[in-house]
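In: Attaching a predicted model along with its sequence, questions to come.
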Amino acid sequence: MKLALIGLLSGFMSALFGVGGGIVVVPLLILLLAYRPHAAMGTSLAAIGITALAGTITFAIAGEVDPAHALLVGVPAAAGATLGATLQQRVRARELSYLFAAFLVAIAVWLLV
Amino acid sequence: MTLALAVVLGFTAGIAAGMFGVGGGILFVPTLIALGLGQVEAQATSLAAILPTVAAGTWRQASYGNVRWRPALLLGLASVVGVQVGAQVALAVPEVALRRLFAVFLVAVATQVAWRARAR
């Protein structure tokens, strides 16, 4: 039940603020469902895949997706994500939480300026 | 914006995505706009770029045993519903107010996450 609410909220906020659902899903899994940071982030990635797939299909039908540009940033990002996940595995839960908190604050600052 | 810079920004967004369990859209959208795409086209293309990003990230995270598949499925499907609702509300409320509200939300959440880590 909480999972469905977190999912609804992340989709809602992602449409509202134009940011991915991940920055909503990860902290809520940690805070509301007591997920360990690593599990929250891994699970969030898989969930985002479903949301992004639905969004991509919707926009592609409307003709708004530019496949060449999607590959231009998406392929290097896939390599980066593999590296990022590998790096994450070397960081302990507490340090990862602090890093993530700093990441959230950085995004908040970005949104305000 | 040169193509090389776009590749570097894409790679950087990917590291954040794999490391923190996010999609990377927050960096993709401005990068795509700088490459000359319109706002809607950039957001749509960003979603498509998120697909290979989270596929690679999920694959690697799954190999570490960090992915809980059933919750992920439920989260993802519920989120698709949430997007439909959010899109309607987004049209009705001023954007600047929304961004500020969301920024405050993020800082509050960040504080909670750091606090919980400290308490453990």
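Out: Done, it's in. All values derive from a computational prediction rather than experimental measurement. Numbers count the residues shown, from 1 in each chain, chains lettered A, B, ... in the order given.

In: Next up, identify which helix or strand the nearest residue to A:T86 once chain neighbours are set aside is on.
Out: Spatial nearest neighbour of A:T86, excluding adjacent residues (C-beta to C-beta, 6 or more residues apart in numbering or on different chains): B:R60 at 6.4 Å. Every residue, glycine included, has its C-beta placed from N, CA and C. Per DSSP states H and E, B:R60 falls inside helix B:39-63.

In: Give me the below-cutoff pLDDT ranges for chain A.
Out: Residues of chain A that meet the criterion pLDDT under 70 lie in A:18-20.

In: Where is the longest helix in it?
Out: helix A:37-61 (DSSP state H).

In: most centrally placed residue in chain A?
Out: Nearest to the mean C-alpha position of chain A, by C-alpha atoms, centre = their mean, lies A:G22 at 2.5 Å.

In: actually chain B, not the one I wrote
Out: B:G23 (3.7 Å).

In: how near is A:G63 to B:P94?
Out: From A:G63 across to B:P94, the span is 28 Å (C-beta to C-beta, to the nearest Å).

In: A:A54 reaches B:V80, doesn't it?
Out: Yes. Using C-beta atoms under 8 Å, A:A54 is in contact with B:V80, at 4.5 Å.

In: contacting residues around A:A106?
Out: Listed by C-beta atoms under 8 Å, 6 or more residues apart in numbering or on different chains, A:A106 has no contact partners.

In: what about it, helix or strand, and which?
Out: A:A106 belongs to helix A:93-112, assigned by DSSP H and E.

In: Okay, helices next: where are they in chain B?
Out: Listed in chain order, the helices found in chain B under DSSP H are B:3-20, B:25-34, B:39-63, B:69-92, B:95-119.

In: Out of the ones you listed, flag the one nearest A:G49.
Out: Across those, A:G49 has its closest neighbour in helix B:39-63 (4.5 Å, C-beta to C-beta).
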